[in-house]
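Chemist: give the three-dimensional model of this entry:
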Amino acid sequence: MEERSITPGIFLLTAVCGVIDATCFLALGGVFAEIMTGNLMFLAFALGQGQGIEAVPYFLVPLVSFSLGAVCCGYLLRTPRRGGGRRHAFLPVAVLVAVAVVLAVIWQLQTRSTEGMVIVGILALAMGMQNAAVLFHPVPDVATNVMTLTLVRLLSNWSLVGEDNARWHFRVGSLTIFFVSAAVGAALVRFGPAAGLGLALILYLVALPFLLKGRSPADAT
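Modeler: Down below sits the predicted model:
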C-alpha cells in the first residue's frame, strides 16, 4: 500500500488560511489572523495617517497572539515527548479553531467589537501555531501563505526564461487554492462570521489525518 503523504493536508491548510483571513478581514474588523504582513502594513498606514492610538489595539491583538502561538508551537516541536509528538502540534490548532466557531455562533458579532477581537486573537494564536508547525514540515513549493514568493518562483522558473519549472503545478495549486478559498470565505461572510469559520474547521478536520499520519519531508531528517 502506498504511504500517505502530508502534502494534501498542507494544501488544505492553504484553504483554511484563505477562508479565515477573508472572514477576519471582512467581518471582524479589517485585520488578519494569519497574514501578519498585512497587519503590519495597515498598522503602519494608520500610524502614518495619525490614527495610531485608536488603531494600535486592533492590530496588536493578532500580532501578539500570532507571536505567542508561534513561540508555543516552537516549544512543542522541540520537545516531542511533552507535546505528544511533533505532528500533534496541529491538534491544538484544530481545537482553537473549533472554539472560535462556537464563540462566533454564540455571540452577536460586530466589526471591531470586543467579542470579535477575542475571536481574532484566538484564531491568530491558532495560525501562529499552524505556521510554526508547517515550517517544521515543509513541502517544497506548497505554500499556505507568502503567495508573493510563490508567484515569483513560478514566474522566475518559467520555461520561457530557460528553466524547467518542474514543480509548477504545486505553485499554481497553492495560488489557486488560496485565491478560491478567500473568495469562498468572502461569500460566506454574507451569512455571518460563523459560516466561514465553520468551513475552515471542516477543512481542518479533513486535513488532520494527512497532517498527523502522512509522510513529511522532516521524517527523512
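Chemist: how about low-confidence regions in the protein?
Modeler: Residue ranges of the chain with pLDDT under 70: 1-3, 52, 79-87, 141, 158-166, 216-221.
Chemist: go with 50
Modeler: Confidence mapping of the chain against pLDDT under 50 gives the ranges 1-2, 82-84.
Chemist: who does R215 bridge with?
Modeler: Taking DSSP bridges as the rule, R215 bridges to S5.
Chemist: quick one: contacts for V120?
Modeler: 24, 28-29, 31, 33, 61-62, 65 (C-beta atoms under 8 Å, 6 or more residues apart in numbering). C-beta coordinates here come from the backbone N, C-alpha and C atoms, glycine included.
Chemist: go again with 7 Å.
Modeler: Residues in contact with V120 (C-beta atoms under 7 Å, 6 or more residues apart in numbering) are 24, 28-29, 31, 33, 61-62.
Chemist: start and end of stretch 129-148, how far apart?
Modeler: End-to-end distance of stretch 129-148 (C-alpha to C-alpha, to the nearest Å): 22 Å.
Chemist: picking up where we left off before, which one of the contacts of V120 is nearest V71?
Modeler: Ranked by distance to V71 (C-beta to C-beta), those are led by P62 at 14.8 Å.
Chemist: does anything pack onto the helix or strand hosting the closest one? Which helices or strands?
Modeler: Using DSSP states H and E, the element containing P62 is helix 52-78. On a contact count with 3 or more C-beta pairs under 7 Å, 6 or more residues apart in numbering; DSSP states H and E, helix 52-78 meets helix 36-48, helix 114-136.
Chemist: among those helices, which is nearest V172?
Modeler: Distance to V172, taken as C-beta to C-beta, is lowest for helix 114-136 among the helices and strands packed on helix 52-78, at 19.0 Å.
Chemist: buried sites along that closest one?
Modeler: The neighbour-count check on helix 114-136 (16 or more other C-beta atoms under 10 Å) flags 116-134, 136 as buried.
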